[in-house]
Structures are given as structure tokens and as C-alpha cells.
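**Student:** next come a sequence and a model predicted from it.
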Amino acid sequence: MEIAIVQGFYQQQPAYRLSHDLGTDYKTITRVYQRLRVAIYHVAELEGGKLNGEVEMDESYFGGRRKGKRGRGAAGKSVVLGLLERDGRVYTKVVERVTADALMTHIKQHTRKGSVYYTDTFRSYNSLHRFGKHHRLNHGKAFAYRGKNHINGIEGFWSFAKHILYNYRGVSKYHFPMYLKEVEYRFNHRSDNLFKLFISIYFGYVSP
């Protein structure tokens with residue numbers, strides 16, 4: 001039965017729907033889903049390492065009902081910093097603030113010094129030149145996306161993440177980091193056999 005539930009997780013089936021399809025107690029399914037997400041969270045963090053080369057970064061807001069500018073109108077939303085290594089992995093982190101100090105701390109921890117960074121013109125990125133070459137993308141200018149000066153990769157990841165999370169029809173702020181890491185893991189292993197990976201994680205992972 002657990003294998004069937006892991007398969008439902010792999011297929012992104014909401015727990016209530018899988019409960020109906022399998023004729024299984026809803027609480028049993030949510031327990032398996034929760035255990036798997038906790039394990040994926042730890043595996044994704046262990047795989048994180050430091051990104052290098054050409055790295056795109058951006059923040060995005062998830063959840064809540066209000067839309068707003070950076071740092072404004074974000075009541076009820078979770079703020080996420082995303083770092084994407086071009087032709088490589090993505091790393092995500094839920095952050096409390098988008099101040100320069102807060103963002104630089106995570107960037108220093110999760111990227112290698114000497115990388116080439118691509119961001120928009122948000123002021124909290126102003127000191128990135130301390131870590132490597134910094135290219136700024138001005139969304140308001142027509143030539144902004146010429147050549148390598150773009151953040152299409154991380155913006156594509158935000159679309160990927162929001163499409164998956166939409167299927168879950170609302171995630172609490174408490175559980176959101178685990179759901180986010182699930183999306184990160186799915187993205188980083190999109191060319192792999194995810195079902196086999198989830199089976200291995202669920203049955204073989206030992207919590208620290």
C-alpha cells in the first residue's frame with residue numbers, strides 16, 4: 001500500500017483524491033506524504049552544496065491573497081530566495097527579510113566566490129560585486145534580455161514551482177518550506193526517474 005501512496009505522491013495526486021481512488025484512510029496517506037516530504041527536505045539540503053559558474057538569483061512571493069511590490073503588500077506570503085546555476089541546479093530558501101545582509105548571508109553560504117551573478121536591479125544585491133562579477137538586468141529596458149544578461153532560468157523555475165504548488169490548493173506557512181524543497185528536488189532531478197528516487201528516499205532514508 002505504501003508503494004501505491006508513494007506513486008500517488010510522484011504523480012502529484014492530492015491526498016484527498018488518492019484516498020478516494022485507493023479506498024484508503026486519508027490520514028494514512030497524509031502521514032506517508034508528510035514523512036516523504038520531511039525526508040526530501042533533508043536530502044535536498046544535503047545535495048545543495050555551493051552553486052558556481054553563472055548563477056541567476058531572484059526572490060518570489062508565495063501564498064497569501066495580496067500582491068505587491070518587493071517587501072510591500074506581502075502580508076501572509078512566504079518570501080523565497082532562489083539561486084539557479086545555469087545548466088545546473090536550483091537552491092531555494094524561505095527568508096524572513098530581503099535586506100542586503102539577509103540575502104548576502106545566504107548567497108555567501110550557497111555560491112562559490114568568483115561566480116558570475118545575474119540579478120535584477122533590486123538594491124539588496126548592490127554588494128554582490130564582493131563575491132564575483134555582477135550583471136544587473138533592468139526589466140524596463142528593451143535590450144535587457146540580449147545575450148547572457150537575463151534571469152530567464154530562475155523565472156522559469158518560479159513558474160514551475162507555482163504550477164506544482166497550485167495543485168495542492170493552499171499550503172500553510174508552517175509546512176511551506178517542505179513543499180518548496182519537494183519542488184526544488186523535482187526540478188533538480190527532472191531528468192531522472194523520480195518515482196525510483198522517491199521510493200529509495202522513503203524506504204531508505206534515516207532521519208538525523
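**Tutor:** Cool, the structure landed.

**Student:** ok, the closest residue to Thr24 other than its chain neighbours - contacts?
**Tutor:** Closest residue to Thr24 apart from its sequence neighbours, by Cβ to Cβ, 6 or more residues apart in numbering: Met1 at 6.6 Å. Every residue, glycine included, has its C-beta placed from N, CA and C. By Cβ atoms under 8 Å, 6 or more residues apart in numbering, the contact list for Met1 reads 22, 24, 28.

**Student:** cool, Ser19 as well?
**Tutor:** With contact taken as Cβ under 8 Å, 6+ apart, Ser19 is in contact with 25-26, 29.

**Student:** which outside residues touch the longest helix belonging to the chain?
**Tutor:** Among the elements of the chain assigned as helix by DSSP state H, the one spanning the most residues is helix 26-48. Here helix 26-48 makes contact (Cβ under 8 Å, 6+ apart) with 1-2, 5-6, 8-9, 15-16, 18-19, 22, 89, 91, 110, 175, 177-179, 181-182, 184-185, 188, 198, 201-202, 205, 207-208.

**Student:** can you tell me which of these are buried?
**Tutor:** 5-6, 8-9, 15, 18-19, 22, 89, 91, 110, 177-179, 181-182, 184-185, 188, 198, 201-202 (16 or more other Cβ atoms under 10 Å).

**Student:** point out where the protein drops to low pLDDT.
**Tutor:** Scanning the chain for pLDDT under 70 picks out 64-75, 139-147, 169, 205-208.

**Student:** go with 90
**Tutor:** Flagging of the chain using pLDDT under 90 yields the residue ranges 1, 14-16, 48-49, 62-78, 87, 96-97, 137-150, 165-174, 204-208.

**Student:** quick one, domains of it?
**Tutor:** According to automatic domain parsing, the chain comprises the domains 2-47+179-204, 50-170.

**Student:** just the strands in the protein please.
**Tutor:** Listed in chain order, the strands found in the chain under DSSP state E are 54-62, 78-85, 90-95, 116-120, 133-137.

**Student:** the fourth one - contacts with which helices or strands?
**Tutor:** I take that to be strand 116-120. strand 54-62, strand 133-137 (3 or more Cβ pairs under 8 Å, 6 or more residues apart in numbering; DSSP states H and E).

**Student:** if we go to 10 Å?
**Tutor:** Other elements packing on strand 116-120 under the criterion 3 or more Cβ pairs under 10 Å, 6 or more residues apart in numbering; DSSP states H and E are strand 54-62, helix 100-110, strand 133-137, helix 152-166.

**Student:** go through these and pick out the most buried.
**Tutor:** Comparing those by mean neighbour count (mean count of other Cβ atoms under 10 Å), strand 54-62 comes out on top with a mean of 22.
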